[in-house]
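Asker: fold the following.
(one chain, ligands or ions: 1)
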Amino acid sequence: MMKRVLLLMSIFLLIGSLSQAAIQEPKAYNDPSLIYLTLDDGPNWKTGKLLDVLKKHQVKATFFILGKNIEGNEHLLHRMIAEGHLIALHGMRHDRDEFYETPLTAVRQMQEVQALIYEVTGIHTNMARTIYGSDAGMTPAHWQAMTDAGFEIWDWNVGSLDHVYKKDNARVEQRVFDRLEANRAAQVASIILAHDHSMTPKALDTIIRYAKERDYEFRTLEGVQPVHNFSDVWEPHMD
Ligand SMILES: [Zn+2]
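Answerer: Below is the predicted model of the structure:
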């Protein structure tokens, strides 16, 4: 009798652990329910408010950091890390001509912000997004130089246009909703591009609530392969 009870118990435990395994099974990098939220150009005085919204919803994001904005905002980098966000590289300054002038100028800016982030946080990362996205000035020689220097270049497939619509929350929100739905229809994951200086806490809050109500899941880009950029696309670039 005891043996039968033990047998039944172990069967239940086995079923329990199997269903647990099914729940935790990793999704493919481009699963259409995944959203990779990325925030560029920070940190700045608005970043803290966005971090508050992310914390409230337990959403983790990827921050592409601009080197010139680090000094005086070191605490924000520490906060991002403490709250589970991912830090990545976005160059030193936001000057298109200066950045893309030669393959070497682009590589040097990335190496400079990489070294600064390491100095402040102890984190070494090769994950990068070039100024204005890779189609703004990456020639084949730039790609070669960046690859040789070990950088992984990421772009996006949901441009929120927050830097264009600014405080017009409704337009930013609608733009993101439309792109999310288009990606879901195309059966691909979404990488949202937003900016620390332009995305309002209110629009961010609305976008996260919209996504969660529709069973999207937010993740950082940590460990995601293959890399998505405009030259090596998961899907057609629509922006
Ligand atoms: Zn930028």
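
Asker: which stretches in the protein count as helices?
Answerer: Under the criterion DSSP state H, the chain contains helices at 2-24, 47-57, 74-82, 96-100, 103-121, 140-148, 162-165, 169-185, 201-213.

Asker: make CSV out of these and add distance to D40 and mean neighbour count.
Answerer: C-beta: built from backbone N, CA, C; applies to glycine. Below are the helices of the chain laid out as CSV (distance: least, Cβ to Cβ, whole Å; neighbours: other Cβ atoms under 10 Å):
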stretch, distance to D40, mean neighbour count
helix 2-24, 31, 9
helix 47-57, 11, 17
helix 74-82, 13, 16
helix 96-100, 13, 16
helix 103-121, 12, 18
helix 140-148, 17, 15
helix 162-165, 9, 18
helix 169-185, 15, 17
helix 201-213, 14, 18
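
Asker: tabulate the ones you listed in a markdown table, adding columns for distance to the ion and mean pLDDT.
Answerer: Below are the helices of the chain laid out as a markdown table (distance: least, Cβ to the ion, whole Å; pLDDT from 0 to 100):
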| stretch | distance to the ion | mean pLDDT |
| --- | --- | --- |
| helix 2-24 | 35 | 52 |
| helix 47-57 | 14 | 98 |
| helix 74-82 | 16 | 98 |
| helix 96-100 | 10 | 97 |
| helix 103-121 | 12 | 98 |
| helix 140-148 | 16 | 97 |
| helix 162-165 | 8 | 96 |
| helix 169-185 | 16 | 97 |
| helix 201-213 | 17 | 98 |
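
Asker: those helices into CSV, with extra columns for distance to Y36?
Answerer: CSV is the format used below for the helices of the chain (distance: least, Cβ to Cβ, whole Å):
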stretch, distance to Y36
helix 2-24, 19
helix 47-57, 13
helix 74-82, 15
helix 96-100, 23
helix 103-121, 19
helix 140-148, 20
helix 162-165, 16
helix 169-185, 11
helix 201-213, 12
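
Asker: Q225 and Y29 touch, don't they?
Answerer: Yes - counting by Cβ atoms under 8 Å, Q225 does reach Y29; the two are 6.4 Å apart.

Asker: which one's more surrounded, the two?
Answerer: Y29 (18 against 8; other Cβ atoms under 10 Å).

Asker: and for the closest residue to the more buried one other than its chain neighbours, the neighbour number?
Answerer: If the residues on either side of it in the chain are set aside, Y29 comes closest to V224, at 4.9 Å by Cβ to Cβ, 6 or more residues apart in numbering. V224 has 20 neighbours, counted by other Cβ under 10 Å.
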